[in-house]
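Enquirer: Structure for the following, please:
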Amino acid sequence: VRYLHHEASKFDIGVYFEPNGHGTVLFGSAFSRWLDSESSPPDCHTCKVLRGVKNLCNQLVGCAVADMLMVLAVLTTTTLSSWSSMYNDVSTKMTKVRVKDKSVIVCNGNE
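Expert: Numbering: from 1, shown residues only. Predicted coordinates:
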C-alpha cells in the first residue's frame, strides 16, 4: 500500500484498490485542470461523468461509500453478467515470515 498512491498519481487517472477494500481514484493535476477548464467539451458525456467522479471521490484517503456509488453508476451502463465476466478472482494469501536480518529485504516501488 505504501507505493500504490504514489504509482497511481503518475497517470491522468489512477485507480488503486487495497486488499482490505479501501482504495481511491486519483486525477492528475494537469488532467484535472483541463477537465475543469473551458477547453474540455461542455457537452461531452464522458467529461461530465469524470467531473462527477472527481467531485465524488476522496482522492486523499478514499471512501467506501463513494466507491460503492461509482460501482452503481457503472452498473447502470452495463449488465451484471457483463460486469461479472470482466472480473477474475485471484486468490491471495497473507502470511508472516520471520527473518533474522530485516535489512536483507528491500522493496521497490512496484511491489
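Enquirer: For stretch 69-87, give me every contacting residue.
Expert: For stretch 69-87, contacts defined as Cβ atoms under 8 Å, 6 or more residues apart in numbering pick out 25, 49, 52-53, 56-57. To be clear about C-beta, it is placed using only N, CA and C from the backbone, and glycine gets the same treatment.
Enquirer: among these, which ones are buried?
Expert: 25, 53, 57 (16 or more other Cβ atoms under 10 Å).
Enquirer: which helices and strands does the host helix or strand of the first one pack with?
Expert: I take that to be Val25. In the assignment (DSSP states H and E), Val25 maps to strand 23-27. Contacts defined by 3 or more Cβ pairs under 8 Å, 6 or more residues apart in numbering; DSSP states H and E place strand 23-27 against helix 4-8, strand 13-17, helix 45-56, helix 64-75.
Enquirer: Redo those as JSON lines? Include mean pLDDT and distance to Ser91.
Expert: Below are the helices and strands packed on strand 23-27 laid out as JSON lines (pLDDT from 0 to 100; distance: least, Cβ to Cβ, whole Å):
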{"stretch": "helix 4-8", "mean pLDDT": "83", "distance to Ser91": "20"}
{"stretch": "strand 13-17", "mean pLDDT": "84", "distance to Ser91": "16"}
{"stretch": "helix 45-56", "mean pLDDT": "85", "distance to Ser91": "30"}
{"stretch": "helix 64-75", "mean pLDDT": "76", "distance to Ser91": "22"}
